[in-house]
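Engineer: No sequence on hand, only this structure:
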């Protein structure tokens, strides 16, 4: 499984990355969590508002920071 956090490095982007890493750890699954800061790659997902969370190529949320619990549910 691959999780991507889309954003240019703002505070909310960093918080979402931390939440995603924490959620991945709590599931016990092998999950790759990466940051994507390249605007062209972000735009390729059709995301207009960051931060955004992408799980296995599917945009789950954009423009807000979901809770660790929410992310855990998405990656079950």
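Structural biologist: Yep, that arrived. Everything numeric in this text was worked out from a predicted model, so none of it was measured. Numbering: from 1, shown residues only.

Engineer: Count the neighbours of residue 36 for me.
Structural biologist: When neighbours are defined as other Cβ atoms under 10 Å, residue 36 has 20 of them. The way it works is simple: take the backbone N, C-alpha and C, and place the C-beta from them, glycine included.

Engineer: swap in the one 3 residues further on?
Structural biologist: When counting by other Cβ under 10 Å, one arrives at 11 neighbours for residue 39.

Engineer: helix, strand or coil for the closest residue to it other than its chain neighbours?
Structural biologist: In space, and not counting its chain neighbours, residue 39 is closest to residue 8: 7.4 Å by Cβ to Cβ, 6 or more residues apart in numbering. Applying DSSP: H, G, I helix; E, B strand; the rest coil to residue 8 yields a three-state assignment of coil.

Engineer: where's residue 8 relative to residue 36, distance?
Structural biologist: Distance, residue 8 to residue 36, using Cβ to Cβ, to the nearest Å: 10 Å.

Engineer: for residue 62, same thing?
Structural biologist: Distance from residue 62 to residue 36, by Cβ to Cβ: 13 Å.

Engineer: show me what contacts the residue located most distally from the centre of the chain?
Structural biologist: Relative to the C-alpha centroid of the chain, counting by Cα atoms, centre = their mean, residue 28 is the outermost residue, at 17.4 Å. Residues near residue 28 by Cβ atoms under 8 Å, 6 or more residues apart in numbering: none.

Engineer: how far does the lengthiest helix in the chain sit from the chain's center?
Structural biologist: Ranked by residue count under DSSP state H, the longest helix found in the chain is helix 11-27. Distance, stretch centre to chain centre, for helix 11-27: 7 Å (Cα atoms, centre = their mean, to the nearest Å).

Engineer: what does stretch 38-45 give?
Structural biologist: 14 Å.

Engineer: number of nearby residues for residue 57?
Structural biologist: Neighbours of residue 57 under the rule other Cβ under 10 Å: 8.

Engineer: follow-up on the earlier one: shared neighbours of residue 62 and residue 36, anything?
Structural biologist: Counting by Cβ under 8 Å, 6+ apart, the shared contacts of residue 62 and residue 36 are residue 6.
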